[in-house]
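Asks: mind looking at a prediction? Sequence and model below.
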Amino acid sequence: MTTPFKGIIAYPVTPFQADGSIDAAMLTRLVDRMIDAGVHAIAPLGSTGESAYLDDDEWRLAAETSIAAVARRVPTVVGISELTTQGAIRRARFAERLGADAVMVLPVSYWKLTEAEIMAHYRAIGDAVGLPIMLYNNPATSGIDMSPEFIARICREVPSVTMVKESTGDLQRMHRLDQLTEGRVPFYNGSNPLAFAALNAGAAGWCTAAPNLNAALPLALYEAITAGDLARARAVFRRQLPLLQFIVKIGLPTSVKAGLRLQGIDAGDPRLPLRRLGAEHEATLAAILAALEE
C-alpha cells in the first residue's frame, strides 16, 4: 500500500439539485468543509453517497468532482461497487485515471455468489488496476457476508487487497481478522456505534458519515484513543453516540441530508425510493444536533 489510510475516513453524501441532477458545486463544498475540519481521508461513493442509486454518468461526475475537490490534500478511497465484475473494473480504472489513492470494493449480488466467485471478482479488479483495494464487508446492504477466515484468505491470495472495512457491527470479527492476518492487514470500523470499541481493539481508522454533520467529535475520539486517554475517549464517544445511533437507525443518506438541511446546507433529498426524513424524526435530529452545539 503506497498511501496510508488512518484516522477518520469521511463519507460525503451525494447532493442533488431540485431537478434530481447531481449538485457538483455542493459536493465540492461538503468535501472542503470536512477537510477543513481536519478529517484524515475522504471516501466518496459509498453507501452514504448513494452509489447504488446513481447511473454511470452520475457516478463518474461524483467521482470526478470529489477527487478534484480533495486535490490531494488527504488520501481518497473511491467506492467502485457494481453488480458485475466488468462494471466494477470500469469504475476502478476511471478512479485510477482521476488520481484516487485506493478503491473500496463491496461485492453486490442479485444471484447469491459463491466464495470462488467473490475471490475471482477481487482478483480481476486487482489485476486491472494498480491501486490498493479496501475490501468492504457489509452484509446488511450487499446481501453477502464474508467470514473473517474467507477475508483473510482473500488478503493472502490477492495482493492488491491491503485493507478491510468491517461493517457487521461484530467486534469479534475484527479480533479474529487481526488474529488470522497476524496484524499485517489494517482493519477499519464501518459500524458507527462500535467506534469506541473498534478503535480500542486496534482499528486503523473509522469509516463514517458523521463528519458531514460534526467532524470535531469523531476526530476528538480518534485523537483521545491514539493518545491513550481512555477517559476522554469514553466521554467524547458518549456525547456523540445519540447522533451515531440516529443516523444508523434512520439510514445514512436520509438522516445526513436532513441534518445538513437543519444546518442551513441544502444537499437535496435522497433519491427515490428513499424518502425525505419525516417531521417527527426531523425534530429528534434537530434536538440531537442542538445538544452537540452546547
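Replies: Thanks, I have it.

Asks: the stretch 151-294 of the chain: strands as residue ranges?
Replies: Secondary structure of the stretch 151-294 of the chain by DSSP state E, counting those that start in this stretch: the strands cover 161-166, 187-189, 205-208.

Asks: could you dump these into JSON lines with mean neighbour count added?
Replies: C-betas here are computed from N, CA, C, even on glycine. Rendered in JSON lines, the data for the strands of the stretch 151-294 of the chain read as follows (neighbours: other Cβ atoms under 10 Å):
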{"stretch": "strand 161-166", "mean neighbour count": "24"}
{"stretch": "strand 187-189", "mean neighbour count": "27"}
{"stretch": "strand 205-208", "mean neighbour count": "26"}
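
Asks: ok, which of those strands comes nearest residue 11?
Replies: Taking Cβ to Cβ as the measure, the strands of the stretch 151-294 of the chain were each checked against residue 11, and strand 205-208 came out nearest at 6.5 Å.

Asks: hang on, the earlier thing: and the strands of the stretch 151-294 of the chain: which comes nearest residue 37?
Replies: Comparison of these against residue 37 by Cβ to Cβ identifies strand 205-208 as nearest, at 12.7 Å.

Asks: tell me which residues of stretch 217-227 come out buried.
Replies: By neighbour count, with 16 or more other Cβ atoms under 10 Å as the criterion, the buried positions of stretch 217-227 are 217, 218, 219, 220, 221, 222, 223, 224, 225.

Asks: quick check: pLDDT value at residue 4.
Replies: The predicted local distance difference test score for residue 4 is 76.

Asks: identify the residue spatially nearest to it, adjacent ones excluded.
Replies: Leaving aside its sequence neighbours, residue 4 sits nearest to residue 75 (Cβ to Cβ, 6 or more residues apart in numbering; 7.6 Å).

Asks: just residue 211 next, same as before
Replies: Once its chain neighbours are removed from consideration, residue 211 has its nearest residue in residue 10; the separation is 4.1 Å (Cβ to Cβ, 6+ apart).

Asks: which ones are touching that neighbour?
Replies: Under the criterion of Cβ atoms under 8 Å, 6 or more residues apart in numbering, the contact partners of residue 10 comprise 34, 39, 41, 42, 43, 208, 209, 211, 212, 215.

Asks: between these, which has the most around it?
Replies: Of all these, the highest neighbour tally under other Cβ atoms under 10 Å goes to residue 43, namely 28 neighbours.

Asks: ok, that one touching residue 76?
Replies: Yes: if you go by Cβ atoms under 8 Å, residue 43 and residue 76 touch, sitting 7.4 Å apart.

Asks: show me which residues of the worst-scoring helix or strand of the chain on mean pLDDT are buried.
Replies: Within the chain, no helix or strand scores below helix 139-142, which has a mean of 88 by mean pLDDT, DSSP states H and E. Buried residues in helix 139-142, counting neighbours by 16+ other Cβ under 10 Å, are found at residue 142.

Asks: now stretch 76-83
Replies: Here stretch 76-83 shows 76, 77, 78, 79, 80, 81, 82 as buried, counting by 16+ other Cβ under 10 Å.

Asks: how far away is the fourth one from residue 49?
Replies: In other words, residue 79. Distance of residue 79 to residue 49, computed by Cβ to Cβ, to the nearest Å: 7 Å.

Asks: over to the fifth one?
Replies: Taking Cβ to Cβ as the measure, residue 80 falls 12 Å from residue 49.

Asks: same question for the first one.
Replies: In this structure, residue 76 lies at 12 Å from residue 49, with Cβ to Cβ as the measure.
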